[in-house]
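Trainee: Generate coordinates for the sequence data below:
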Amino acid sequence: MRKAVIPAAGLGTRFAPATKAMPKEMLPVVDKPAIQYVVEEAARSGITDVLIITGRNKRSLEDHFDREPSLEQALADKGDTVRLAAVQEPTALADIHYVRQGDPKGLGHAVLRARSHVGDEPFAVLLGDDLIHEEDELLTEMIRVQEQTGGSVIGLMEVEPAEIAAYGCADVVPASGSTPGDGDYVRVRRLVEKPCPAEAPSNLAVIGRYVLHPAVFDVLETTPPGRGGEIQLTDALQTLAAGDSDGFGVYGVVFRGRRFDTGDKLSYLKAVFTLAIERSDLGPDLRKWLSAQSEGADLG
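Mentor: Predicted structure coming up:
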């Protein structure tokens with residue numbers, strides 16, 4: 001698999017007013033913007049071509065993954081090789097392309113905008129709000145399952161039943177060919193977008209990772225607006241799962257690693273603290289500060 005699509009045209013209203021003039025995808029997680037972690041994840045999985053679906057006021061996304069000769073020269077003149085390498089790193093992650101979504105018609109519409117770029121091959125979709133810890137190889141496992149089944153694959157995660165109304169929800173059965181306890185996966189029978197807890201078929205939430213068969217494009221072309229008046233990717237996947245079109249079905253990989261929703265304020269802060277604590281240059285002092293805080297000491 002060579003290509004990935006990252007929808008990044010949203011307004012980021014949950015982080016207003018910080019996102020009034022800054023794309024939500026550019027909010028820093030320690031010292032890198034959130035979207036860089038997502039592109040890095042794609043690159044670790046072997047993807048070499050990334051298409052970012054953007055909108056108005058998203059120019060800084062393009063600037064971040066472009067070269068900045070004056071900054072690079074200034075760092076080189078100072079002999080600051082560490083920061084120079086950090087500045088140059090985003091430009092070398094993949095071949096990165098951009099297309100604007102135009103009308104805000106939902107995630108399904110954003111994915112459909114990638115059709116001419118993706119062509120007739122399986123591709124990954126990574127939502128910019130979801131940050132998966134680099135030690136947890138969800139996307140790599142999903143690509144393996146897609147290659148094995150030939151269908152589409154979605155990332156799933158168990159949530160508290162009361163929380164399922166905030167997600168797409170999957171009704172699943174064991175998949176023939178999966179190996180329990182060793183990269184096992186499930187077959188998706190039905191998908192429901194943001195069900196009330198009493199009507200949810202499970203507590204398995206669809207998270208922001210997809211590996212899709214190109215048949216999804218034909219389905220999206222004829223998918224009417226759904227919840228919120230938007231074209232829902234979940235509705236198109238439901239069509240594929242029901243066998244109402246070609247595409248070899250829909251499967252799910254249940255993720256039990258570390259995932260952060262960087263569009264949610266509390267989860268965003270958890271991501272910042274988690275990644276900072278793991279760093280050798282920040283972790284020791286941050287742990288001391290947090291320990292003092294828990295003991296009610298004067299933090300200064």
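
Trainee: now the strands for the stretch 51-200 of the chain?
Mentor: For the stretch 51-200 of the chain, applying DSSP state E, counting those that start in this stretch gives strands covering 95-100, 123-126, 130-132, 152-158, 168-174, 186-193.

Trainee: where does the stretch 51-200 of the chain dip in pLDDT?
Mentor: Applying pLDDT under 70 to the stretch 51-200 of the chain flags the ranges 176-183.

Trainee: re the thing from before, mean neighbour count added to the strands of the stretch 51-200 of the chain, as TSV?
Mentor: In short, each C-beta sits where N, CA and C put it, glycine included. Output for the strands of the stretch 51-200 of the chain, formatted as TSV (neighbours: other C-beta atoms under 10 Å):
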stretch	mean neighbour count
strand 95-100	15
strand 123-126	26
strand 130-132	23
strand 152-158	25
strand 168-174	19
strand 186-193	20
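
Trainee: Distance to R59 added to the ones you listed, as JSON lines?
Mentor: Shown next, in JSON lines, are the strands of the stretch 51-200 of the chain (distance: least, C-beta to C-beta, whole Å):
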{"stretch": "strand 95-100", "distance to R59": "10"}
{"stretch": "strand 123-126", "distance to R59": "21"}
{"stretch": "strand 130-132", "distance to R59": "23"}
{"stretch": "strand 152-158", "distance to R59": "30"}
{"stretch": "strand 168-174", "distance to R59": "31"}
{"stretch": "strand 186-193", "distance to R59": "32"}
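
Trainee: Q293: which of the ones you listed is closest?
Mentor: Q293 sits nearest to strand 130-132 of all those, at 24.0 Å, using C-beta to C-beta.

Trainee: related to what we said a few turns ago, closest to G283 out of the strands of the stretch 51-200 of the chain?
Mentor: In terms of C-beta to C-beta, the element of the strands of the stretch 51-200 of the chain nearest to G283 is strand 130-132, at 18.2 Å.

Trainee: Check which helices and strands that closest one sits against.
Mentor: Other helices and strands packing on strand 130-132, by 3 or more C-beta pairs under 8 Å, 6 or more residues apart in numbering; DSSP states H and E, are helix 34-44, strand 204-212, strand 259-261.
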